[in-house]
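[1] Show me how the following folds:
(chains A and B)
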Amino acid sequence: MKFKNKTSPFYNSTSNVNGIMLQVLYALMPGTVVMCLFFGWGILFNIVLAIIFALALEAVALKLRKRPIMPFLNDLSAVTAAWLFALTLPPLMPWWIVFIGIFFAIIVAKQLYGGIGYNPFNPAMVGYAVLIVSFPFEMSQWINPNNPLLSFTESFTLIFSEATPEWDAITMATPLDEVKTELRAGTDYSTIVTQSPYLKSASNNTWLWSSLAFALGGAWLLYKKIIHWQIPAALLGSLFLISSVFYLFSPASFASPLFHLISGASILGAFFIATDPVSASTTPMGKIIYGGAIGLLIYIIRTWGNYPDAIAFSVLIMNMAVPLIDYYTQPRVYGQSKNNKDKQ
Amino acid sequence: MSATSPDQIASDIDDIFDEENSIPKRQLSYGKITSDALWTNNAGLVQLLGLCPLLAVTGNVINGLGLGIATIITLTCSNLIIAFTRNWIRKEIRIPYYVLVIASIVTIIDLSMNAITPELHSVLGIFIPLIVTNCLIIGRAEAFASKNDIPRAVLDGFMMGLGFALVLIALGAIREILGSGTLLSGASIMFGSIAENWTISLFENYQGFLLAILPPGAFLVMGLLIAFKNIVDKRIKAKSV
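    All right, here's what the predicted structure looks like:
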């Protein structure tokens, strides 16, 4: 009988990029389904279009860079980035805006930096940031979920034809926008909540349900050990903490901590976007700092900034800080004394 | 970008001290000066000097052209004066002297632009006085004009300025086409009423791509221009081998 002669470590991991990305895609399913139920076919169109564009652009870029195409397309990282990117878009985006966003996500943020594993910035969030800066009007047209949903063909014509829909008739401000505008106008927070079509009852609050569904997916990723607890916990924890401080200080002029946690893309960002294995911090302590700082920035940008949501900018800013964080949070190697670090 | 200028000057000073210890330099040919300034050692694309105005005012072609012309005049005049006085200025005081010369020239240009094209002057605003801090100008004074005769210094100043202006115009054109879908908008500000309808609209119903007009767009387009130059250089090198 012959023994395999392997060198240590003997732990044989079966995980690879493809497997991890597949788990992330599974975890995105419940949230995606809930968003489709509320916002209709537009969400599905966004996802399909984004994936098609992402795969095509990735193939073109790999061809130009003279890299093998199929192994990189099969690793599903482009699909995952495109899917996450599409989930941040309002439904019924014209197809060319989706294309521009994916172009910046895949070509500029990912392939120009050297492809998977080399991108310092989260590709999906780069795509989103480009769009929110360039097309603020289109990017804020969220469909009113209380209206009857548009049919498949109606959505199709709105996305692919030149005709602009009657935006005013079918869209409404997101809760984040609404609360921010009203708070700045001086309305009391408790009055806003009772008047808002979203916030007055839980069943109307689409964002609450999609957030819960994404949290379910996040729990699956934690259970599968695809992501670690530090980033989501630190992100949501610091967001909750700082919003509680301000809410307790003045409940009338600041939104409640719970509102911040379930509105916008907080949950999606905490479990799926900030945890991107390439652009996030990698040390245990670094992850806590990274997640905590993102949570803080989210609150600052949401409360005093002018953009509708803050996940993209917060994640991109902290992506820049990742090399520094990782440098200063190197874990101590087992057996080494505590103040041995400088002598290495 | 004025923050980078001390480093730039410091490195230039080192260069001079090194060179003075070595053998006397041979005079560069006029052709070499021109090709260096316009391509090989282009101020915008290779030396990356004066990035602040380069990125800040190139939202359209006319702004780029205006600042480009102002830079060409400043650079030519400052190189002329500094080459003319290069044998009388002691090494210890040369930097304050350069700053004085450049500041006087820029003040003259600033005031003349205010008199001749007040609209363009108000658009370019602070960036005209800020030409003083453009490290390209003091860099050329230090690295070239103080070591060469007058015709060479003037040619170098003009060609360096032209190379910088061409980058400004290219950046301005790309950003204007992408950002607002037009070309030469506001030409009448610069050329008077004959240029009223020079503006070219390239697309019908173009919505505009705001990113190209905003600062991140300037950095992106600049990066792509540098990449393009590197590709061209690589091709030329591959051919000549």
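[2] how about the strands in chain B?
    B:182-183, B:200-201 (DSSP state E).
[3] max-length helix in chain B?
    Longest helix of chain B, by residue count under DSSP state H: helix B:150-180.
[4] packing partners for it?
    Under the contact definition 3 or more CB pairs under 8 Å, 6 or more residues apart in numbering or on different chains; DSSP states H and E, helix B:150-180 sits against helix B:30-35, helix B:51-56, helix B:61-84, helix B:135-143, strand B:182-183, helix B:210-213, helix B:215-240. Every residue, glycine included, has its C-beta placed from N, CA and C.
[5] what about the closest residue to residue A:328 other than its chain neighbours, which SS state?
    Leaving aside its chain neighbours, residue A:328 sits nearest to residue A:286 (7.9 Å; criterion: CB to CB, 6 or more residues apart in numbering or on different chains). At residue A:286 the chain is in helix, as set by DSSP: H, G, I helix; E, B strand; the rest coil.
[6] contacting residues for residue A:286?
    A:322, A:325-326, A:328-329 (CB atoms under 8 Å, 6 or more residues apart in numbering or on different chains).
[7] Residue A:243 now?
    With contact taken as CB under 8 Å, 6+ apart, residue A:243 is in contact with A:254-257, A:259-260, A:299.
[8] So what's the model's average confidence on the helix or strand harbouring residue A:211?
    Using DSSP states H and E, residue A:211 maps to helix A:206-223. The average pLDDT within helix A:206-223 is 90.
[9] Now do the buried residues in that helix.
    By neighbour count with 16 or more other CB atoms under 10 Å in any protein chain shown, helix A:206-223 contains the buried residues A:206-211, A:213-218, A:220-222.
[10] again, but for stretch A:188-197
    For stretch A:188-197, a neighbour-count test (16+ other CB under 10 Å) marks A:189, A:192-193, A:196 as buried.
[11] now these in a markdown table, with secondary structure?
    Output for these, formatted as a markdown table (three-state DSSP):
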| residue | secondary structure |
| --- | --- |
| A:189 | helix |
| A:192 | helix |
| A:193 | helix |
| A:196 | coil |
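[12] Turn the residues you listed into JSON lines, columns for pLDDT and distance to chain B.
    As requested, the buried residues of stretch A:188-197 are exported to JSON lines (pLDDT from 0 to 100; distance: CB to the nearest CB, whole Å):
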{"residue": "A:189", "pLDDT": "81", "distance to chain B": "32"}
{"residue": "A:192", "pLDDT": "79", "distance to chain B": "30"}
{"residue": "A:193", "pLDDT": "78", "distance to chain B": "33"}
{"residue": "A:196", "pLDDT": "74", "distance to chain B": "29"}
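[13] Which pair of the contacts of residue A:243 spans the longest distance?
    Spatially, the most separated pair among the contacts of residue A:243 is A:256 and A:299, at 12.2 Å (CB to CB).
[14] These two: who's more crowded?
    residue A:299 (25 against 18; other CB atoms under 10 Å in any protein chain shown).
[15] Against chain B, how distant is the residue lying closest to that one once chain neighbours are set aside?
    Excluding the flanking residues, the one nearest residue A:299 by CB to CB, 6+ apart is residue A:242, at 4.8 Å. Between residue A:242 and chain B the computed distance is 28 Å (CB to the nearest CB, to the nearest Å).
[16] and the host helix or strand of residue A:242, what's its mean pLDDT?
    Using DSSP H and E, residue A:242 falls within helix A:230-249. Averaging pLDDT along helix A:230-249 yields 93.
[17] Could you figure out how far that helix is turned away from helix A:206-223?
    Counting by axes from the mean of the first three to the mean of the last three CA atoms, to 10 degrees, helix A:230-249 points 140 degrees away from the direction of helix A:206-223.
[18] Name the residues of helix A:230-249 that are buried.
    A:230-236, A:238-240, A:242-243, A:246-247.
[19] Which single residue of the stretch 101-250 of chain A ends up nearest chain B?
    The stretch 101-250 of chain A approaches chain B most closely through residue A:134 (4.2 Å), counting by CB to the nearest CB.
[20] Please name the residues that touch that residue.
    Shown in contact with residue A:134 (CB under 8 Å, 6+ apart): A:100, B:209-211.
[21] which of those tops the neighbour count?
    residue B:211 (23 neighbours).
[22] ok, so of the contacts of residue A:243, who is nearest residue A:182?
    Nearest to residue A:182 among the contacts of residue A:243, with distances taken as CB to CB, is residue A:255, at 9.9 Å.
[23] residues near that closest one, how many?
    Neighbours of residue A:255 (other CB under 10 Å): 25.
[24] Run a quick neighbour tally on the closest residue to it other than its chain neighbours.
    Distance criterion CB to CB, 6+ apart; nearest residue to residue A:255, sequence neighbours excluded, is residue A:179 at 5.2 Å. Per other CB under 10 Å, the neighbour tally for residue A:179 reads 26.
[25] How about residue A:37?
    Residues near residue A:37, counting by other CB under 10 Å, number 15.
[26] Now do the same contact list for it.
    Applying CB under 8 Å, 6+ apart, no residues contact residue A:37.
[27] Surely it forms part of a strand?
    No. Assigned with three-state DSSP, residue A:37 falls outside any strand and is helix.
[28] what about it, distance to residue A:213?
    Distance from residue A:37 to residue A:213, counting by CB to CB, to the nearest Å: 10 Å.
[29] Let me know the pLDDT of residue B:163.
    Residue B:163 carries a pLDDT value of 92.
[30] dump the residue contacts of it.
    For residue B:163, the contact set (CB under 8 Å, 6+ apart) comprises B:37-39, B:42-44.
[31] Residue A:141 is in contact with residue A:94, isn't it?
    No. Taking CB atoms under 8 Å as the definition, residue A:141 is not a contact partner of residue A:94, at 10.3 Å.
[32] what residues are shared contacts of the two?
    Counting by CB under 8 Å, 6+ apart, residue A:141 and residue A:94 have no contacts in common.
[33] any weak-confidence spans in chain B?
    Within chain B, the segments meeting pLDDT under 70 span B:1-26, B:192, B:195, B:204.
[34] Contact residues of it facing chain A?
    For chain B, the contact set with chain A under CB under 8 Å from any CB of the partner chain comprises B:207, B:209-211, B:214, B:216, B:220.
[35] Residue A:72: which of those is nearest?
    Distance to residue A:72 across the residues of chain B next to chain A (CB to CB) is lowest for residue B:220, with 24.0 Å.
[36] what about the closest one, how many neighbours?
    Look at residue B:220: counted by other CB under 10 Å, it has 18 neighbours.
[37] Surely it touches residue A:108?
    Yes. Residue B:220 lies in contact with residue A:108 (CB under 8 Å); the separation is 7.3 Å.
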